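[1] sequence and predicted model, in that order:
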Amino acid sequence: MFSAGVVRKRPGVSTSVMAGIVVVIIVVAAVGIYFAFVPPAAKSTTTVAQTIKIGSSSSVGEYLENGTGFTLYMFARDTPGSGASACSGACASVWPPFYASSLSLPSGLSASNFTTITLSDGSKQTAYNGWPLYYYVVDTKAGSMTGEGIDQFNGLWYAMPPDLQQSGGQIINGSSYSVGVAYKPSIGVYLTNSAGYTLYFRSTDTANSGKTTCTTSLCEANWPLFYAASLTLPPGLSSSSFGSITAYNSTKITTFDGYALFTFAHDSAPGDVAGEGVGGFYAATLPTPLVPTSTSTSTT
């Protein structure tokens, strides 16, 4: 569904260059050519001590930023807590790692949630709740968030929410969006409704068939259909991936990549995924719905 950006690595910069000199970075991406002017002192990846702040945006809510106001991002391809980064080489030129050997934190953030990982080249990177933190070179000034929802290097990028926990959490949702995006280690990145409840697809359905196999009264009772008459999508999701079908009882259902979407009646709170693997239903993962290679065989 998504395609990775094509990126040219920026030329190396001598460490003897004065900090006040502006580094010109040319990023060739799938969406065009950007000229990013990055003050090294503002977005240093080697600063010994740095400040972490909590920024706020009307479009994404709260997110982490460094002391000079540059957005810190997470990469959906990373596995939190693994001690590794899935972004290296050309990727790291576009999404430089954030690192500080010591941090000054505001109230609401705990030092125990920040760790240091060692990358394959021996350099260091700071992680939050196990997620490696990154800058985006196209953010040219404090408060910029041009990397929000971008699909590059085979994965989605989001500003790091301060409340995203390793056990699973909401990346983005809210009443202003028809669907949201969340993460759980056992599932990956997946879709939710605007309230944060997991959206599922059924593996026995056939994509783009215009119908669903959930037609019995028992199935309908346990798997309420999801339908949004008007789709307002968060960054990173394309309207071309969504559609609708008219299924049982002439009822409309929203589809994702051709699969009908459902909630699970026994998910009691946002973030619950009690329906995973039940009756052939699985969380609607990004970038496209996939059945896990191993899962529960429980039934309703």
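    Nice, I can see it.
[2] and the longest strand along the chain, what does it pack against?
    Determined from DSSP state E, the single longest strand within the chain is strand 49-57. Using 3 or more CB pairs under 8 Å, 6 or more residues apart in numbering; DSSP states H and E as the contact test, the elements touching strand 49-57 are strand 61-66, strand 102-104. C-beta: built from backbone N, CA, C; applies to glycine.
[3] how about residues contacting whatever helix or strand comes next after the first one?
    I take that to be strand 61-66. The helix or strand immediately downstream of strand 61-66 is strand 73-75, counting by DSSP states H and E. Residues outside strand 73-75 that contact it (CB atoms under 8 Å, 6 or more residues apart in numbering) are 85-87, 95, 128, 131-136, 147, 153, 155-160, 164, 171.
[4] picking that back up, and the helices and strands packed on strand 49-57, which is most packed in?
    The highest mean neighbour count among the helices and strands packed on strand 49-57, using mean count of other CB atoms under 10 Å, belongs to strand 61-66: a mean of 20.
[5] roughly how far is that strand from the heart of the chain?
    14 Å (CA atoms, centre = their mean, to the nearest Å).
[6] start at 11, not 1
    With 11 as the first residue, the last one maps to strand 71-76.
[7] got the CA coordinates for it in CSV?
    Provided in CSV are the C-alpha atoms of strand 71-76 (Å, rounded to 0.1, in the frame of the first residue of the first chain):
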residue,chain,number,x,y,z
GLY,A,71,-1.8,16.3,20.5
GLU,A,72,1.2,16.0,22.7
TYR,A,73,4.6,14.8,21.5
LEU,A,74,8.3,14.8,22.5
GLU,A,75,10.7,17.5,21.3
ASN,A,76,14.3,18.4,22.2
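[8] quick one: contacts of that strand?
    The contact list for strand 71-76 (CB under 8 Å, 6+ apart) reads 53, 60-67, 81-82, 108, 138, 143, 145, 152, 155, 169-173, 182, 184.
[9] got the buried residues for the longest strand of the chain?
    60, 62, 63, 64, 65 (16 or more other CB atoms under 10 Å).
[10] what number of residues are in the vicinity of residue 173?
    Neighbours of residue 173 under the rule other CB atoms under 10 Å: 11.
[11] list the contacts for it?
    Residue 173 sits in contact with 72, 179, 180, where contact means CB under 8 Å, 6+ apart.
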